[in-house]
Structures are given as C-alpha cells and as structure tokens.
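> sequence first, then the predicted structure, then my questions.
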Amino acid sequence: MKSKFVAIAGGLAVLGTIAAGLLHFYWGQTVPVIGMAKNYIRYLSAPAGTLVTELAPPSISSAIASPSRSFATSSPISSEGDWTSYNKSLTSDRYAPLAQINRNNVGRLKVLCVYDTGQHTGFNTGLLMVEGNLIFTTEDDIFSIDSATCRKNWRTHEDYEPASPQAVNRGAAYMDGMLFRGTVDGRVLAYDFKTGKHVWQTSIANSKKGESVPAAPIAWNGMVFIGNAGGDVKGVKGRMYGLDAKSGKIVWEFYLVPKTAGDVTRGPQGASPLDSSTWKNKFGIPITGGGTWTSYTLDTTTGLLYVPGGNPAPDFAPETRPGGNLYSGSVVVLDAKTGAYKNHLKIVPVDWHDWDVSNTPAILHTRGGRKILAVTPKDGHLYGFDLLDDKLLYRVPVTRMENVAAEFSTSKAVHFCPGSTGGAEWNGPAYDPPDNLILIGEVDWCTTVTIQSDEQIRSTKAGRPWSGMASVNPYDTWGRPDPFGDWAGWVYAVDADSGTWKWRVRTNYPIQSGMTATAGGVAFFGDMGGNFYAVDVANGKKLWGTRLDGAIGGGVITYTVNGLQKVAVAAGLTEILWPTRIATAKVAILGLDDTSTVQSRSRLAN
C-alpha cells in the first residue's frame, strides 16, 4: 500500500514537473489552453443571467426631469443609419437616433442570422456598419459581411507572431473607401473597403519588447489615429501616432510617458512639455506605462484628439516609481494635425491598483448647455469635466468600492474593489440626449494583491509582464481575482449635468460590452455570461433579453439596412483573464419579426 502511495505521489510529481516545464518554456501557448480547460469546467454549472433594477430615491430622482419622447420625430434617416466609427461618432456618444425598434415592440426582437468566425479568441471587437456592410476584426483577421444576411463579403487573414498570449483586437476604422486596423505584432494595416486587399502597412511598435497595437483606430481629415499598448510590460512606453491615411506615413509621434535617451524615434515629435520630474523611479526601475488599449475621441470643431492613457508599471508597487507618473492614468489632449500637447486631465492621481484610463472618453452636449467630457476608468467612477474650463463637475461611484486606500505590502494580502479587472474596462459610456442620461456598464469584481520585494521587481526581465504581484501562478499576474461567480455587473444611468444617478441595474455577470442608447427609448448591452438585454432608458426596466452563444465583450450597435433597423452584437469572447464559457467568436444580427415591423412602420407613419 505504501509503495502504491509513493508511486502515485511520484507520478503526480512528474506530471507537476512536466506542467511547470511547459508553462516555463511554452508560456504563450500553454497558459491559454489550460485556462480554457478550467473555464469549460466552471461553466458546466454556471447560473442563468439575472437583472435587477433599482430606482433612485425620490429625493434624488425628483431633481431629474424625464421628458416624454416621440418616436415619430426620431424616425430613421439614411445618413444616421450607419455606424462608421468605433463609438458611432468621433465624439463617442454611442447614441443612435433610430426608433423603429422601440420600447413598445422590442419584446419581439429575435436573432435573424449569425456569422461564426470559427475562432476561439478574445473577441473584443467594435463593429462598424458602412454602406450595408458589417466590419469587424479578430487577432488575425478582418471581416466584411452583409449587414442584413450575415453573408460573407470577404475575409483577410494575417500571419504574425503575437506580442503576448492575450489574443485581442478591438476593431477597425473607416474613411474614404479604406479600412484601418492595428495588429499585436506592432503594425497598422490599411485595406480596400470593398475587396479587403492590402493597401499599406506601417510599424509603430516592437512586439519583441512586448508592444502591441490592439486598439481600434479612428480616422478624420485624411489621418488615422492610433497608439500602442503593452504598458504592463517592463520597459514599454505608451505612444500615440497620427498617420497619413493614403500612405501610412507617420505624420507625428507623441510619447505618453517621458521619452528618454535610447528610446526609438519613429516620426516627427509632437511638441510636449513632459519630462521625468513626475517619475522619481528607484534604481533599476525603468519608466513604464501609459499604453492605449481601446480607442480615441476627436472633437471635429476644435481639431482636438482625446487619448486615454493606461496605468504606470510595475502596477502594484508605487513606491518604486514615486510621483504623479504623467501622463499615465490621464486623458491627454493633443492637436490632431500636429500631435502637439494641449492639455491633460489627470484622472487617477497615484495608481497602485492597475486602474487604467483604458476606454474612450465621450464629448457630450448636455441639456443644461454644457459641453462635458465623460470619463469612466477602471477605478469604478464616472467623471464629468466641463470642457469650457476643464474643471471637474462630479466624480460618481458606479460600482462596488471597498478598501481602496489600503497600501499594498510584501507581508500581507490586501483585498480591494474594484479589482484590477474591475470598473469600466475597454468600453466607455453612452449618452441618451432625450433623457440627458449617461449610461455606464461596469464590472463588480475584486482582487487580492501581495507585492514582491524591490529586488524581485527589479529582477524581472525586460519585455515580461511587470505587475509586482508576488505569485508564481501566471493567472494571478494582475492579482488574485475573487472566485468565479463572486462577481456582478452594473449599469448606472446618471444625469449628465448634475452627476446624480436616476436608476441602476445589477446583473450577475460583469458588463463589458458596448452600451448603446437609441431614440426608441431602448438601451442595449450584454454581459460576460452571454446574456443580451434591452432596457427602458427612462427607468432601467428590463424590456427584453436573450442568451447568445458566448460572453459579450465587444461591439453592440444598431443601424438601418433596406429601410429596417437591426441590432448587431459581437459575442463569444474567450480570454485567459476572464472566466468565460468556451465559444467561438461570432456576430449575431437581430431584428423585429414581420408583424412588429409592420406595426412599427405604421406608428411612425402616423
């Protein structure tokens, strides 16, 4: 019996040694496979989606007017029926002035068709709808499908060595018959919109150093705007670029953290006052951070580009990099034509929680006559800035907040909320003008961190993930998340002028999808359990819901094609940082059944 026990123990030890060896030598290939196996087991007993709506107390909500909305005055207009940029408009308001699908008939919404990519990937892509074609991306491909039937127009595949095992791409930009996207090997690619053929390619990052380009670019006035990610990797510095749309030539480059001796210059430098004075790094701690992860906002009336800047690194060890660490954790405002610095808004003053400003800020014209910038970083708050003087109007918590002031330690584990994968991740707010409400989707998920010693932090090799987390478990690199299922999601509806919340919805899965408000009084969003919802913008009441095949962490858009309003959803996100059901990446197109469409047309005509 004893010998049998020894044999079993010896066998397990050998298997453990083999597993450790695989993780060490084939980290990029092994970690995703093991993660997918764990998630498959987790979702065998995963619960159905739930949604609970809460109205603000009368003492709060009475201060917010709720005007009635006329569907007839918001009938679809052809020029408004497309979705031509990551957040619909360059100002990122994510509002669709379409009302054929509305609160009276959205209960009849159904899936009309699905396009399945056949890939298991981190499907974060935004969706574009241009001239009847849906455009989206995965890590390796860009697709064009018919926006009514899901029929494939073309699909262009790229072969390259990725910078990391996190296989994500957040979408494309469109302008003047061309499409533009980034890649995880550090390039920006341009394609012909009708054929998918390559037009040009430009390198803006070095994948061998851990740099990548997953963000969705935006395009305006003959230029393409995009930056690099990888600010969680030792030695990587975030940068922003303006490229000539016809040739791919770098028009300007702007370092989002201080450029120092030895840093590569890839193009003319945008004028910048930034120096190293806010980075008082200890010996052996190179300036790292400020990557851009999602997309950008542009004010076409002023020509100003708004760039969200990611966290500084090592993420959890601010004592190794004392100071404000500019311009990480900020929204940086640049002249779009020249890349010259104009201003910055420091959102996270000192970051030791990995609270990136990771998604796109939105420029909104409120009912009160203000022009504001709405920002929703990973710290779990909504920020409203008056763009007349850049003063902060409000800072509103919109997810669970716990233990946020506790300092991290080498000897004691610290649990905090929102965690490093909490708050608002890669999709920003939407705005509903008729109700003057900002809608925010949030992650309610906490993290526990114990940090490494300074010596251990310094010993991390350049080009490797660099959080400062004391753990040999690769799945805990960004802290140990709470157990699977011990999480939730929130949607908050907040008055754009006062910052007062009107209603909120709690789901039992995190919300990371795009949020879309419509003139029909309906807001659409999905959660990481694959549940897709329509709620009443006026009060948060659930109007309709269904379960799609896989986690919804990408684009949610609505548009018109052949005179009919449709909704498209990117579902099937599979990624190592997120426990999700194993499903292939796919785009679902939804619409009304024939009866409800006829009824809706009749109401609009009257």
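Sure thing, it's come through.

> output the below-cut-off pLDDT ranges for the stretch 301-450 of the chain.
Of all residues in the stretch 301-450 of the chain, none has pLDDT under 70.

> for the chain, same thing?
In the chain, residues with pLDDT under 70: 1-32, 35-36, 60-79, 163-165, 594-606.

> where along the stretch 401-550 of the chain do the helices fall?
454-459 (DSSP state H, counting those that start in this stretch).

> now swap in the chain and tell me
2-25, 27-42, 58-61, 454-459, 594-605 (DSSP state H).

> Leu345 touches Phe385, doesn't it?
Yes - contact criterion CB atoms under 8 Å: Leu345 and Phe385 qualify, at 6.0 Å. Where C-beta positions appear, they are placed from N, C-alpha and C, glycine not excepted.

> shared neighbours of the two, anything?
Here Leu345 and Phe385 have 373, 375 as joint contacts, going by CB atoms under 8 Å, 6 or more residues apart in numbering.

> quick check: end-to-end length of stretch 269-280?
24 Å (CA to CA, to the nearest Å).

> identify the residues contacting it?
Contact with stretch 269-280 is made by 240, 252-255, 257-260, 287, 321-327, 334-335, 338-341, as judged by CB under 8 Å, 6+ apart.

> if we use 7 Å, what do you get?
Contacts with stretch 269-280, where a contact means CB atoms under 7 Å, 6 or more residues apart in numbering, come from 252-255, 258, 260, 287, 321-327, 334, 338-341.

> what pairs with Leu243 across the strands?
Val224, Ile250 (DSSP bridges).

> kindly report the same for Ala523.
Ala517, Val535.

> count of residues packed around it?
Residues lying near Ala523 (other CB atoms under 10 Å) number 29.

> try Asp476
Neighbours around Asp476, by other CB under 10 Å: 17.

> I'd say it and Ala470 touch.
No - with contacts counted by CB atoms under 7 Å, Asp476 stays clear of Ala470, the gap being 9.2 Å.

> mind checking which of the contacts of stretch 269-280 are in strands?
252-255, 334, 341 (DSSP state E).

> just the buried ones out of those residues, please.
The neighbour-count test (16 or more other CB atoms under 10 Å) marks 252-255, 334, 341 as buried among the ones in strands among the contacts of stretch 269-280.

> ok, which pair from those is furthest apart?
Farthest apart among those by CB to CB are Glu253 and Tyr341. That separation is 12.5 Å.

> name the nearest residue to Gln565, ignoring sequence neighbours.
Excluding its sequence neighbours, the residue lying closest to Gln565 (CB to CB, 6 or more residues apart in numbering) is Gln100, at 3.9 Å.

> ok, now how distant is the one you found from Asn436?
23 Å (CB to CB, to the nearest Å).

> tell me which of the two has more neighbours.
Using other CB under 10 Å, the more surrounded residue of Gln100 and Asn436 is Gln100, with 27 against 21.

> mind checking the end-to-end distance for stretch 358-367?
First residue to last in stretch 358-367 (CA to CA) measures 27 Å.

> spatially nearest residue to the most centrally placed residue in the chain, not counting backbone neighbours?
What sits nearest the mean C-alpha location of the chain, by CA atoms, centre = their mean, is Trp426, with 1.3 Å. Spatial nearest neighbour of Trp426, chain neighbours left out: Thr294 (4.5 Å); criterion: CB to CB, 6+ apart.

> from the chain's centroid, how far away is stretch 205-225?
15 Å (CA atoms, centre = their mean, to the nearest Å).

> what number of residues lie near Gly132?
Neighbours around Gly132, by other CB under 10 Å: 15.

> ok, now the one 4 residues further on?
Using other CB under 10 Å, Phe136 has 28 neighbouring residues.
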